[in-house]
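In: need the 3D shape of this:
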Amino acid sequence: MEFIMPVFALIATPAVRIRSDGCTILKALPMEHLGARGMTEARTLAEISTAVTLYGERTAGAHPGRSFSISVHIRRGDRKPRGFDAAYRTGALGTDRWVLMVDNDADGARILHGRSAAETGNMASCKGDVA
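Out: Numbering: from 1, shown residues only. Model prediction:
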């Protein structure tokens, strides 16, 4: 029996985290994408995480200062690696590494709609943050 390697699509979507009343809210523009979709074959969570990092670095290089999240979709009929859903949900795949944190909706709206992060004050990277 031949093992078919699962195929994943990676999509960068403009997104920002807004601090509000002691918590954070992720706002995204799900119908907009930054650059082309990335496709990768992966058997393990580590391989998916590496692909997310490489795709995110390429996207960040092509769109400097943009805040975005990466969604990971598996090809229909393929099997996800064990633990994929939990890793994706908790941020362990690094999909929100490029999401910026802002203090108000106005800054969030400017970033979501293309104003570079350098032009907007009061923000920090969400690297490692999980809502």
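
In: make it CA atoms for all contacts and neighbour counts henceforth
Out: OK.

In: list the contacts of the helix ranked longest in the chain.
Out: Identified as the longest helix of the chain according to DSSP state H is helix 45-62. The contact list for helix 45-62, computed with Cα atoms under 8 Å, 6 or more residues apart in numbering, reads 10, 12, 34-35, 38, 40, 42, 66, 70, 81, 83-84, 87, 92-95, 98.

In: let's see it at 10 Å
Out: Outside helix 45-62, the residues that touch it by Cα atoms under 10 Å, 6 or more residues apart in numbering are 7-12, 34-42, 63, 66-72, 80-84, 87-88, 92-98.

In: now the buried members of those.
Out: 7-12, 34, 38-42, 66-72, 80, 88, 92-98 (16 or more other Cα atoms under 10 Å).

In: for the protein, what spans make up the helices?
Out: 45-62, 84-90, 105-112.

In: same question for the second one, mean pLDDT?
Out: Translated: helix 84-90. When pLDDT is averaged along helix 84-90, the result is 95.
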